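> Sequence and predicted structure, then a few things I'm wondering about:
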Amino acid sequence: MSFWKHASAPILFAGLALPVLVNCDGMPGIPGADCPAMKDGNFAALKFSGGAEVEGKLKGFLEAVYSLDKLALEMETNLIASCKELGTSIGMDEAKLTAEPKGGEGAKTVCMAVAGEIKAKLDASAEISLSIELGEPRCEADITAMTDCFAECGAVIEPGEFEASCEGGEVSGTCEAECSGTCTVEAGAGCEGACGGECKGECDGECAVKNEDGSCNGKCEGTCKGECTASCKMEGKAECSGSCSGGCSAEITAPKCSGDFKPPSVSAECQTNCTAKTAASATCTPPTIDIKIEGEASADIQALVDGLKVSLPKIVEIQIGMATKLVAVGESLVAAGAELPSVAAKAGLQAVGCIAIAAEMAVGASASVSVNVEASASVSGSAGG
């Protein structure tokens, strides 16, 4: 079996293999030192002593950990749903596809069961060869949300700094004037450019699958003129109904960064906290997928291929899309949690309790992200043989 994809190896945290149980109702040995905000997110109600700088530093950490914890839970919930969707499509029992989110272990249970079933089906059809080509998922940070957060740290970022601050990516957004760069429209919109999925219409180039009338109904290596099942990139479109990058004659609105938005004037602490707090507003596009079958496929194999086309991009998006950003954030928050108790000591008993609770939550959330990556990798690995 041949298999090709852009993917990274599972990212695991040393010493964080197990989820941490957190007592959010109080700290043993510290009477009355609980932290309701870590359960309800109401950080405005927290009042710490020590001055505005100390309070800002502590609350920034608490909000970041709270956000990461919620994102880790959302990631696992989505991963369980995607693995269940794939398992259902290949005829697995409901009982094997049911689990509750629990520090990544729920996703691991369901996804590894699906991975085992996929491997068994492929092993039983040794005469069949699958070639799977996956693109790379695209995740974009919400620049407006990021700059608003940076301003709370005292770092004001002007629009003229956006391009230079988007490391490893490009800035795009809505262009209400003339787009002189690349216009990207989503699936289903009219396409006259490079189609990231299947082209339905005319292909000025090589088309993988053609209809009887000669029109294209598959991957187009060239310019697609018609409908694209994924995003379509068009050059030199003065009027862009999608997202414009590379040049707009006016200031773009709703700007996004496809790389890491890291203005040089922002401190490492502020960068970590704001990346965590705004991650929920980031948008991720699943990778494109193309599967070719060599040999005569049975009904079981065809059902597997159909299921992989629908579910595998969602699973891989978690493995090498969202997780790549959250892993670094988690590591930074774990390190910060080990250093903040001395700062919290200046801010009162409740601050000490909150920081202790949040530090444990940071470890647990980071471990959960790691286990989710491992679970998603097990599915993509099983499809690759």
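Thanks, I have it. Because the structure is predicted, anything quoted here is derived from the model rather than measured.
> When you work out contacts or count neighbours from here on, use the C-alpha atoms and nothing else.
Noted.
> Do a quick rundown of the helices in the stretch 51-200 of the chain.
52-89, 105-123, 143-152, 162-165 (DSSP state H, counting those that start in this stretch).
> Around the residue nearest to residue 261 when sequence neighbours are not counted, count how many other residues there are.
In this structure, residue 261 finds its nearest non-sequential neighbour in residue 166, 4.5 Å apart by Cα to Cα, 6 or more residues apart in numbering. Neighbour count for residue 166, taken as other Cα atoms under 10 Å: 20.
> surely residue 166 meets residue 257?
Yes: with contacts counted by Cα atoms under 8 Å, residue 166 reaches residue 257, the gap being 5.8 Å.
> what's around residue 271, how many residues?
Residues contacting residue 271 under the criterion other Cα under 10 Å number 21.
> Provide a list of residues in contact with it.
The contact partners of residue 271, taken as Cα atoms under 8 Å, 6 or more residues apart in numbering, are 150, 262.
> which SSE is it in?
Under the criterion of DSSP states H and E, residue 271 resides in helix 268-278.
> Now the strand or helix carrying residue 202: buried residues?
In the assignment (DSSP H and E), residue 202 maps to strand 198-207. For strand 198-207, the neighbour count (16 or more other Cα atoms under 10 Å) marks 198-203, 207 as buried.
> by how many degrees do the helix or strand just after that strand and strand 198-207 diverge?
Next helix or strand after strand 198-207 toward the C-terminus (DSSP H and E): strand 216-228. Relative orientation of strand 216-228 and strand 198-207, computed by axes from the mean of the first three to the mean of the last three Cα atoms, to 10 degrees: 120 degrees.
> same for strand 216-228, what does it pack against?
If you count contacts as 3 or more Cα pairs under 8 Å, 6 or more residues apart in numbering; DSSP states H and E, strand 216-228 packs onto strand 190-195, strand 198-207.
> Note down every partner strand of the last one and its orientation.
Note on strand 198-207: by DSSP bridges, its sheet partners are strand 216-228 (antiparallel).
> Pull the residues that contact the strand it pairs with.
187-211.
> C-alpha coordinates for that strand, PDB please?
Taking C-alpha atoms only, strand 216-228 is exported to PDB below (Å, rounded to 0.1, in the frame of the first residue of the first chain):
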ATOM      1  CA  CYS A 216     -13.700  17.600 -15.700                       C
ATOM      2  CA  ASN A 217     -15.000  15.800 -12.700                       C
ATOM      3  CA  GLY A 218     -11.900  15.300 -10.600                       C
ATOM      4  CA  LYS A 219      -8.500  16.800  -9.600                       C
ATOM      5  CA  CYS A 220      -7.400  19.400 -12.100                       C
ATOM      6  CA  GLU A 221      -3.600  20.100 -12.500                       C
ATOM      7  CA  GLY A 222      -4.100  23.500 -14.100                       C
ATOM      8  CA  THR A 223      -6.800  26.100 -14.200                       C
ATOM      9  CA  CYS A 224     -10.300  25.000 -13.200                       C
ATOM     10  CA  LYS A 225     -13.200  27.000 -14.700                       C
ATOM     11  CA  GLY A 226     -16.400  25.900 -13.000                       C
ATOM     12  CA  GLU A 227     -17.100  24.700  -9.500                       C
ATOM     13  CA  CYS A 228     -14.500  23.500  -7.000                       C
END
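> quick one, helices of the stretch 201-350 of the chain?
268-278, 299-317, 323-339, 341-344, 349-383.
> Can you say which of the ones you listed is packed in most?
Comparing the helices of the stretch 201-350 of the chain by mean neighbour count (mean count of other Cα atoms under 10 Å), helix 349-383 ranks first with a mean of 25.
> average model confidence for that one?
Over the span of helix 349-383, the pLDDT mean works out to 94.
> Taking their axis directions, it and helix 323-339 sit at what angle?
Going by the same axes, to 10 degrees, helix 349-383 makes 150 degrees with helix 323-339.
> Tell me which other helices or strands helix 349-383 touches.
helix 52-89, helix 105-123, helix 299-317, helix 323-339, helix 341-344.
> now these as a markdown table including mean pLDDT and distance to residue 284?
Compiled in a markdown table, the helices and strands packed on helix 349-383 are given as follows (pLDDT from 0 to 100; distance: least, Cα to Cα, whole Å):
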| stretch | mean pLDDT | distance to residue 284 |
| --- | --- | --- |
| helix 52-89 | 96 | 12 |
| helix 105-123 | 96 | 20 |
| helix 299-317 | 94 | 8 |
| helix 323-339 | 90 | 11 |
| helix 341-344 | 94 | 35 |
